[in-house]
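> I would like the atomic coordinates for the input below:
(chains A, B, C and D)
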Protein chains: 2
Amino acid sequence: MAARVFAIRSLAGHLKARYSLDRDDLDGIERLNGTARSFEPNQYLLREGDRPKYCSFLVDGFVYRHKIVADGGRQIVSIHIPGDIIDLQNMLLQEADHNIQALTAATVLLFPHEEVVALAFARPAVGKAMWRETLIEASISREWIANVGRRDARERTAHLICELAMRRESAGLGPREAYELPMTQEQLGDALGLTAVHVNRTLKALQDDGLITRSKRSVAVNDWERLRAVADFTTNYLHLGQG
Amino acid sequence: MAARVFAIRSLAGHLKARYSLDRDDLDGIERLNGTARSFEPNQYLLREGDRPKYCSFLVDGFVYRHKIVADGGRQIVSIHIPGDIIDLQNMLLQEADHNIQALTAATVLLFPHEEVVALAFARPAVGKAMWRETLIEASISREWIANVGRRDARERTAHLICELAMRRESAGLGPREAYELPMTQEQLGDALGLTAVHVNRTLKALQDDGLITRSKRSVAVNDWERLRAVADFTTNYLHLGQG
DNA sequence: CACGCATCCAAACATATGATAAGCTGATTC
DNA sequence: GAATCAGCTTATCATATGTTTGGATGCGTG
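Numbering: from 1, shown residues only, chains lettered A, B, ... in the order given. Below you'll find the model as predicted:
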């Protein structure tokens, strides 16, 4: 399966690429008791109200987090790609305030909260790296608020395509010009605050304008600069630089 | 001035109320080099692109954070009340990805980043408390995504009124049944992803239905339970319990 | 007191997006 | 290879929200 080619190796390896960690820091990470676990597409990793005991590091596949509102509507609040530490958000909170679900088949490594917290404070460089990861996620959430709140469907959709392209590239998962995007239009709508029908219209318009090409479950960006401009996309909120 | 009555005393005092910290933890916090600083209404505390060197603890007044999109539209991404640590979000990031601005006259205490980080890792209980505060903020951001993405104007507006009521009450700033809300309808619109005109319509509708009463710059909640139901509001995402 | 300015409010009209429905495609199953 | 099913596509119609405008109100400043 194609996705497997890009699977991330290990938490230590991934953090090492972005933070300056010494031998002891890396040893600490490698000594964490990680358990691999696989999930089917659509399977829940965690439900709102649960009391999670593990952080999960996403090795392979896509995962997303979402909330359900009163009328049954669903809002996806984040999308995760291999290399993301999915569950640091819940680490110091008691009760999950959202659901986490597998988008595709996915493999994660589970690490017990207590061990991760203990390591974070025993090895401050590791703690800072993890804390920083949670802050970057928060930054992405803020951008999503602006995206959903103040951009129209066309800008919004283009923005999501740019963001995922950039995050994938930055995680070493492949070039931003074309990538696998295994989301249905319904799911895209739930991420963008739109209906599936309108996502369809919008994607078609972007394609007719020569900005992107869609095939089955992947996107090609034909004109990155123009798409970027339409989306009002910048990379600053992703904080891609070294920590 | 009325707001001053509710001013928060100190960072140590505020954290002590929510976290179990021992004498050394509190000493560490009190020994931080905090500088008081006042801001005029609308004055910027920080601009996108700045490289902040201080965390700010909000003692008095209201502050908000926002982003500007391509067409000049503005999206408020968070609203802060006394007791909030405004700038932990930027602490481990280089460059601010959003603006921070005073809503009313405001007083903050500034603490140098390095000192705060050093304390966080010297006194893990303090570090956990601060980290947790940033995670709660992230949780609120997620709820805002859902609010703007999947709730209509009426629900959205009611939700914001409930959230601020609850957060104020929980911070010990007064009862949730009535409170000062010194935001213009334009600013409310920027927070809700609506236009000022539509905020006006929506507030009027909520008032006509007997849910709230507005006077000058404050709100009274006439029927908390009904407003809560309209808003689809729950407190779980605020994580009000002890850390 | 007069003036300017921000805010609130209301009405008329415009439009982006939602809702519903129906047909189409391609994969999977028996 | 027929049947089924999920997802995509397109069209029509409905509506929530935006846009524009103008007037009322209140407040600070000269």
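> only C-alpha atoms from now on, for both contacts and neighbour counts.
Will do.
> so what are the domain limits for chain A?
Here the domain parsing of chain A from automatic domain parsing is A:2-147, A:152-238.
> and the longest one with DNA strand D, contact?
No: legend: contact between domain A:2-147 and DNA strand D by C-alpha under 7 Å from any atom of the strand is lacking; minimum distance shown is 9.4 Å.
> can you tell me if the longest helix along chain A touches DNA strand C.
What stands out as the longest helix in chain A, according to DSSP state H, is helix A:124-150. No: applying C-alpha under 7 Å from any atom of the strand, one finds helix A:124-150 out of contact with DNA strand C, separated by at least 8.9 Å.
> mean confidence score for that helix?
Helix A:124-150 comes out with an average pLDDT of 97.
> identify each buried residue in the helix or strand just after it, please.
Sequence-wise, the next helix or strand downstream of helix A:124-150 (DSSP states H and E) is helix A:153-170. Under the neighbour-count criterion of 16 or more other C-alpha atoms under 10 Å in any protein chain shown, helix A:153-170 has A:153-168 buried.
> do the same with stretch A:166-182
For stretch A:166-182, by 16+ other C-alpha under 10 Å, it's A:166-168, A:171, A:173-174, A:176-182.
> I'd like the average pLDDT over it.
For stretch A:166-182, mean pLDDT rounds to 94.
> low-confidence ranges, chain A, go.
Low-confidence segments of chain A (pLDDT under 70): A:1-8.
> and the strands in it?
Remark: strands assigned in chain A by DSSP state E are A:35-39, A:44-46, A:54-60, A:63-68, A:74-80, A:99-102, A:106-112, A:178-180, A:212-215, A:218-221.
> residue closest to the middle of chain A?
residue A:80 (2.1 Å; C-alpha atoms, centre = their mean).
> spatially nearest residue to it (excluding sequence neighbours)?
Nearest residue to residue A:80 in three dimensions, chain neighbours excluded: residue A:63, at 5.1 Å (C-alpha to C-alpha, 6 or more residues apart in numbering or on different chains).
> so the one you found makes contact with residue A:108?
No: the pair residue A:63 / residue A:108 is not scored as a contact, 9.8 Å apart, by C-alpha atoms under 8 Å.
> which of those two has more neighbours?
Using other C-alpha atoms under 10 Å in any protein chain shown as the criterion, residue A:63 and residue A:108 rank with residue A:63 on top: 28 against 25.
> quick one, what contacts the more buried one?
By C-alpha atoms under 8 Å, 6 or more residues apart in numbering or on different chains, the residues touching residue A:63 are A:79, A:80, A:81, A:100, A:101, A:102, A:103, A:104, A:106.
> show me what contacts the second one?
It refers to residue A:80. Residue A:80 makes contact with A:58, A:62, A:63, A:64, A:86, according to C-alpha under 8 Å, 6+ apart.
> quick one, which of those residues are buried?
Buried members of the contacts of residue A:80, scored by 16+ other C-alpha under 10 Å, are A:58, A:62, A:63, A:64, A:86.
> CSV for those residues, including distance to residue A:30?
Putting these into CSV (distance: C-alpha to C-alpha, whole Å) gives the following:
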residue, distance to residue A:30
A:58, 16
A:62, 24
A:63, 24
A:64, 26
A:86, 18
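> quick one: which of these is nearest residue B:124?
Within the buried ones among the contacts of residue A:80, proximity to residue B:124 (C-alpha to C-alpha) peaks at residue A:86, which comes in at 22.6 Å.
> flag every residue of chain A that's near DNA strand C.
That would be A:151, A:152, A:153, A:154, A:193, A:194, A:195, A:197, A:198, which are the residues of chain A within reach of DNA strand C (C-alpha under 7 Å from any atom of the strand).
> closest one of those residues to residue B:234?
Closest approach to residue B:234 among the residues of chain A next to DNA strand C (C-alpha to C-alpha): residue A:193, at 20.6 Å.
> so who does the closest residue to that closest one other than its chain neighbours touch?
Excluding the flanking residues, the one nearest residue A:193 by C-alpha to C-alpha, 6+ apart is residue B:149, at 4.3 Å. Counting by C-alpha under 8 Å, 6+ apart, residue B:149 touches A:75, A:148, A:149, A:192, A:193, A:194.
> which of these sit farthest apart?
Across the contacts of residue B:149 (C-alpha to C-alpha), the longest gap, 13.1 Å, separates A:75 and A:149.
> run a quick neighbour tally on residue A:23.
8.
> picking up where we left off before, chain center to the longest helix of chain A, what's the gap?
11 Å (C-alpha atoms, centre = their mean, to the nearest Å).
> what do you get for stretch A:183-195?
15 Å.
> what about dumping the CA coordinates of that stretch to CSV?
Extracted C-alpha coordinates of stretch A:183-195, given in CSV (Å, rounded to 0.1, in the frame of the first residue of the first chain):
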residue,chain,number,x,y,z
MET,A,183,-11.2,12.4,2.4
THR,A,184,-14.7,12.3,1.1
GLN,A,185,-16.4,15.5,0.1
GLU,A,186,-18.6,15.0,3.1
GLN,A,187,-15.6,14.9,5.4
LEU,A,188,-14.0,17.9,3.6
GLY,A,189,-17.3,19.8,4.3
ASP,A,190,-17.2,18.8,7.9
ALA,A,191,-13.7,20.3,8.1
LEU,A,192,-14.6,23.4,6.3
GLY,A,193,-18.0,24.2,7.7
LEU,A,194,-19.6,23.5,4.4
THR,A,195,-22.0,21.0,3.0
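> and the gap between residue A:147 and residue B:223?
For residue A:147, the distance to residue B:223 equals 33 Å [C-alpha to C-alpha, to the nearest Å].
> could you do residue A:119 as well?
48 Å.
> among these two, which residue is more densely surrounded?
Taking neighbours as other C-alpha under 10 Å, residue A:119 and residue B:223 compare with residue A:119 leading, 19 against 12.
> find the nearest non-adjacent residue to the more buried one, please.
residue A:28 (6.8 Å).
> cool, and residue A:79?
residue A:64 (4.4 Å).
> now do the contacts for the one you found.
Neighbours of residue A:64 in contact, by C-alpha under 8 Å, 6+ apart: A:76, A:77, A:78, A:79, A:80, A:100, A:101, A:102, A:103.
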